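>>> What shape does this take:
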Amino acid sequence: MSVHAITIGQIDLPINKIYACQTQQDTIGKNVTQVFVKDDEHIYRIPSPLRGLFAKIDDPSFLWVDKNVFINKNHIQDPLEIKLSAKVTLYGNQFKVSRRKMKQFY
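This is a model prediction of the structure:
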């Protein structure tokens with residue numbers, strides 16, 4: 001998937017290596033999406049709303065876990081963590097799972 005990243009320019013991101021996407025949480029980053037990529041310590045900032053990026057990816061392995069986060073379910077290492085703590089940890093980054101979205105994991 002080819003996207004424009006802020007301060008970097010046009011980049012190619014392999015969809016299977018993307019493990020999470022999240023809306024940037026500050027007021028400056030409105031309509032900016034953070035893309036987390038496996039084996040890459042850089043977090044890419046994409047000037048696109050989260051829903052637009054989700055539609056562009058269009059892959060059934062991506063699931064919404066909260067209103068501001070979606071993840072790639074293929075990268076989940078401990079599904080029991082979701083049931084017990086309503087959180088999912090992917091490669092050192094922790095994301096909250098809403099109660100409404102928890103039922104899609106079991």
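>>> drop to CA atoms for contacts and neighbour counts, all remaining ones
Will do.
>>> Just the buried positions in stretch 58-68, please.
62-66, 68 (16 or more other CA atoms under 10 Å).
>>> Just the closest of these to residue 13, please.
Nearest to residue 13 among the buried residues of stretch 58-68, counting by CA to CA, is residue 62 at 14.9 Å.
>>> Which residues are in contact with that closest one?
70-73 (CA atoms under 8 Å, 6 or more residues apart in numbering).
>>> which SSE is residue 83 in?
Per DSSP states H and E: residue 83 is located in helix 79-85.
>>> all strands for the protein, in order.
Shown for the chain, the strands assigned by DSSP state E span residues 2-5, 9-12, 18-23, 33-37, 44-46, 62-66, 69-72, 87-90, 93-96.
>>> any chance of those strands in CSV, plus distance to residue 53 and mean pLDDT?
Below are the strands of the chain laid out as CSV (distance: least, CA to CA, whole Å; pLDDT from 0 to 100):
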stretch, distance to residue 53, mean pLDDT
strand 2-5, 9, 92
strand 9-12, 14, 94
strand 18-23, 9, 94
strand 33-37, 8, 93
strand 44-46, 9, 92
strand 62-66, 11, 94
strand 69-72, 10, 95
strand 87-90, 20, 93
strand 93-96, 18, 93
